[in-house]
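Student: okay, here's the prediction I keep looking at, along with the sequence it came from:
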Amino acid sequence: MSKYSCENLICVISGGTSGIGFACAQFLLNDGAKVYILGRNVVRGQEAVSDLKQITGQTAAFIACDVSDATSVEDAIKQIKEQKIDILINSAGVYFEERLENMTAESYNKIFDTNVKGTMLLTKAVKALMNEGSIINIASDAGVSGNYGCPIYCASKGAVVALTRALALDFAPHIRVNCICPADVDTPLLEKQLKAADGGYTKEDMANAYPLGRIGRAEEIAHVICSVASPLNSFMTGSIIPVDGGITAQ
């Protein structure tokens, strides 16, 4: 039985080979959608397609794409066989911690090129094939309330929040644009963060900061994303939705 009424809809998910994007692909395949997952790593993409087939019994298509590169994005969208796209989930993102006094042009570009420019480039390319439908941008609690030690990342996700509101106005009434703002989620990206922290803090330390006493799971965020993307949710656009275990309520 469909949860999200996405049967036969064409869905594109950047960052779809792991974490939140992968969980979205799983839910949408189970819902009867046709899913394209985008990612930079071909091997990881092939593994993700195989894993999705094993989990859901359905086949997703992988397209290699670096969302920060306009040519790569354009080439990727050309590989989509259908003449329309119904749902876009901008889930590709990068994170690392760096105080402002240590910022370099390289580190600034690394975050903004993926988190902001990548979201813009893919949205622009997909919109050409989207007469109506839903776009979900993934920001962060750090783009709403700020966080310690990562001002560049916070700024990039704040830009995604503002971009969502602007595009919701520009694309109305036929295309809805909303933004999900997760807090810490147990994904491979978090594992990289903890490794970079080199023992400075642990997953347990992070969990203790939350009113719910734990960090999130990818499937919990994916459920909200798919619910907001669903045609059943057709009166929501320009909304910024925290899914953060209560951390921004403190």
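Tutor: Great, that's in hand.
Student: what residue is smack in the middle of this structure?
Tutor: The geometric centre of the chain, computed from its C-alpha atoms, lies nearest to residue 91 (C-alpha atoms, centre = their mean), at 1.7 Å.
Student: now that one: how far from residue 209?
Tutor: 24 Å (C-beta to C-beta, to the nearest Å). Using the backbone N, CA and C atoms, a C-beta is placed for each residue, glycine as well.
Student: do residue 192 as well
Tutor: Separation of residue 192 from residue 209 (C-beta to C-beta) stands at 19 Å.
Student: who's in contact with the worst-scoring helix or strand of the chain on mean pLDDT?
Tutor: Every helix and strand of the chain was ranked by mean pLDDT, DSSP states H and E. The lowest is helix 188-197, at a mean of 83. Residues from elsewhere that reach helix 188-197 (C-beta atoms under 8 Å, 6 or more residues apart in numbering): 18, 19, 93, 95, 96, 97, 184, 201, 202, 203, 215.
Student: longest strand in this structure, by residue count?
Tutor: Scanning the chain for the strand with the most residues, using DSSP state E, yields strand 175-182.
Student: what's the local residue count around residue 43?
Tutor: Neighbour count of residue 43, defined by other C-beta atoms under 10 Å: 9.
Student: try residue 246
Tutor: Counted with other C-beta under 10 Å, residues neighbouring residue 246 total 12.
Student: return the distance of the residue lying closest to it once chain neighbours are set aside relative to residue 249.
Tutor: Using C-beta to C-beta, 6 or more residues apart in numbering and skipping the chain neighbours, the partner closest in space to residue 246 is residue 211 (3.5 Å). Plainly put, residue 211 is 7 Å away from residue 249 if you go by C-beta to C-beta.
Student: pull the distance from the top helix by length along the chain to the chain's centre.
Tutor: If you go by DSSP state H, the chain has its longest helix at helix 151-171. For helix 151-171, the distance from its own C-alpha centre to the chain's C-alpha centre is 13 Å (C-alpha atoms, centre = their mean, to the nearest Å).
Student: that one - contacts with which helices or strands?
Tutor: Here helix 151-171 is seen to pack against helix 105-112, helix 118-127, strand 133-138, helix 142-145, strand 175-182, strand 240-243 when contacts are counted using 3 or more C-beta pairs under 8 Å, 6 or more residues apart in numbering; DSSP states H and E.
Student: please name the strands paired to the helix or strand that comes right after the longest strand of the chain in the sheet, noting orientation.
Tutor: Once strand 175-182 ends, the next helix or strand along the chain (criterion: DSSP states H and E) is strand 185-186. When sheet partners are counted by DSSP bridges, strand 185-186 sits next to strand 216-217 (parallel).
Student: dump the C-alpha coordinates for the longest strand of the chain into PDB.
Tutor: Extracted in PDB, the C-alpha atoms of strand 175-182 (Å, rounded to 0.1, in the frame of the first residue of the first chain):
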ATOM      1  CA  ILE A 175       6.000  23.600  -8.400                       C
ATOM      2  CA  ARG A 176       6.200  23.500  -4.600                       C
ATOM      3  CA  VAL A 177       9.600  24.100  -2.900                       C
ATOM      4  CA  ASN A 178      10.200  23.200   0.700                       C
ATOM      5  CA  CYS A 179      13.200  22.700   3.000                       C
ATOM      6  CA  ILE A 180      13.900  20.100   5.600                       C
ATOM      7  CA  CYS A 181      16.400  21.000   8.400                       C
ATOM      8  CA  PRO A 182      17.700  17.900  10.100                       C
END
